[in-house]
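# Predicted model and sequence follow; I will ask about them next.
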Amino acid sequence: MSGLFAGLACRECGALAPPGPVHVCERCFGALDVSYDYAAIGERLTRAAIEARPPSMWRYAELLPLDGPPLVGRAAGMTPLVRADRLAARLGVGELWIKNEGVCHPTLSFKDRLVAVAVTRARELGLGAVACASTGNLANATAAAAAAAGLPCLVLVPDDVEPAKMVATSVYGAHLVPVRGTYDQVNRLASEIADRHPWGFVNVNLRPYYGEGGKTVGHEIA
Ligand SMILES: [Zn+2]
């Protein structure tokens, strides 16, 4: 993997940034994306090599922004495609398949893929804690990954979230902090904390890495 993940680049102005816990371009405030050495990946990675690997999202490791192997979420990905004939007829299409992310491991949501990359990257960057702002699935996935990585976890939630939703997150030992306000306000608070403390907010300052985990759904479908 090392050497294939080239760093971060601004989506707007193209400026390069060191691959740390940052998501905004210092020059123009554009969003930062991960960049790869696709020529080197193309020489090394073949369809046959991918097919020979264990069935998880890590079959595409060369296309993920990590320096080393995954530390958490090793079983995430490779969810089934389910044929939905009745829905196909209803929609008037010949054939329809649904990617069932409800059986993704370990917390049964699509967020497990994103968080597996973000939390592994947090460990590679030596961050002291991971965190997120969430109203459900992301909180659960982040708390589980943090527990597996041995990192403290802070989860900010709007204070009107149903308690039942938070039970699963609490099981993993995360610090749940109810915040009086809307989800947008909670997110804003997360950004301000991320500016001030060396913590990895999976969907804020780790967003470039986090987002990359999601594209493995597309690789699997392809
Ligand atoms: Zn820029």
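Perfect, I can see it now. Here the structure is a predicted model, which is why all the values come from computation and not from measurement.

# Show me where the chain has its helices.
Assigned by DSSP state H, the helices in the chain fall at 38-44, 47-51, 85-91, 111-124, 137-149, 163-171, 183-196, 207-214, 216-221.

# Against the ion, how distant is residue 52?
Using Cβ to the ion, to the nearest Å, residue 52 is found at 39 Å from the ion. Any C-beta I mention is one placed from the backbone N, CA and C, and that applies to glycine too.

# could you dump the helix or strand of the chain with the lowest mean pLDDT to PDB, C-alpha only?
Within the chain, no helix or strand scores below helix 163-171, which has a mean of 86 by mean pLDDT, DSSP states H and E. The C-alpha trace of helix 163-171 is given here as PDB (Å, rounded to 0.1, in the frame of the first residue of the first chain):
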ATOM      1  CA  PRO A 163     -32.500   6.800  23.900                       C
ATOM      2  CA  ALA A 164     -33.000   3.400  22.300                       C
ATOM      3  CA  LYS A 165     -30.900   4.500  19.400                       C
ATOM      4  CA  MET A 166     -28.000   5.200  21.700                       C
ATOM      5  CA  VAL A 167     -28.000   2.000  23.700                       C
ATOM      6  CA  ALA A 168     -25.900   0.100  21.100                       C
ATOM      7  CA  THR A 169     -23.400   2.900  21.000                       C
ATOM      8  CA  SER A 170     -23.100   2.900  24.800                       C
ATOM      9  CA  VAL A 171     -22.400  -0.800  24.800                       C
END
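
# who in the protein is up against the ion?
When proximity is defined by Cβ under 5 Å from the ion, the chain lies next to the ion at 10, 12-13, 15, 25, 27-28, 30.

# Which ones among the residues you listed lie within strands?
Within the residues of the chain next to the ion, residues falling in strands by DSSP state E are residue 10.

# out of the residues of the chain next to the ion, which one sits closest to residue 51?
residue 10 (35.0 Å; Cβ to Cβ).

# Tabulate the CA atom coordinates of stretch 197-214 in PDB.
What follows is stretch 197-214 as a C-alpha-only set of coordinates in PDB (Å, rounded to 0.1, in the frame of the first residue of the first chain):
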ATOM      1  CA  HIS A 197      -7.900  19.100  20.000                       C
ATOM      2  CA  PRO A 198      -5.800  16.400  18.500                       C
ATOM      3  CA  TRP A 199      -8.800  14.100  18.000                       C
ATOM      4  CA  GLY A 200     -10.000  12.400  14.900                       C
ATOM      5  CA  PHE A 201     -13.500  13.300  14.000                       C
ATOM      6  CA  VAL A 202     -14.300  10.600  11.400                       C
ATOM      7  CA  ASN A 203     -16.700  12.800   9.400                       C
ATOM      8  CA  VAL A 204     -14.800  16.100   9.900                       C
ATOM      9  CA  ASN A 205     -11.000  16.200   9.900                       C
ATOM     10  CA  LEU A 206     -10.700  12.600   8.800                       C
ATOM     11  CA  ARG A 207     -13.300  13.000   6.100                       C
ATOM     12  CA  PRO A 208     -10.900  12.500   3.100                       C
ATOM     13  CA  TYR A 209     -10.100   9.000   4.400                       C
ATOM     14  CA  TYR A 210     -13.600   8.300   5.700                       C
ATOM     15  CA  GLY A 211     -15.100   9.000   2.300                       C
ATOM     16  CA  GLU A 212     -12.700   6.600   0.500                       C
ATOM     17  CA  GLY A 213     -14.100   3.600   2.500                       C
ATOM     18  CA  GLY A 214     -17.500   4.100   0.900                       C
END
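
# Great, nothing more from me.
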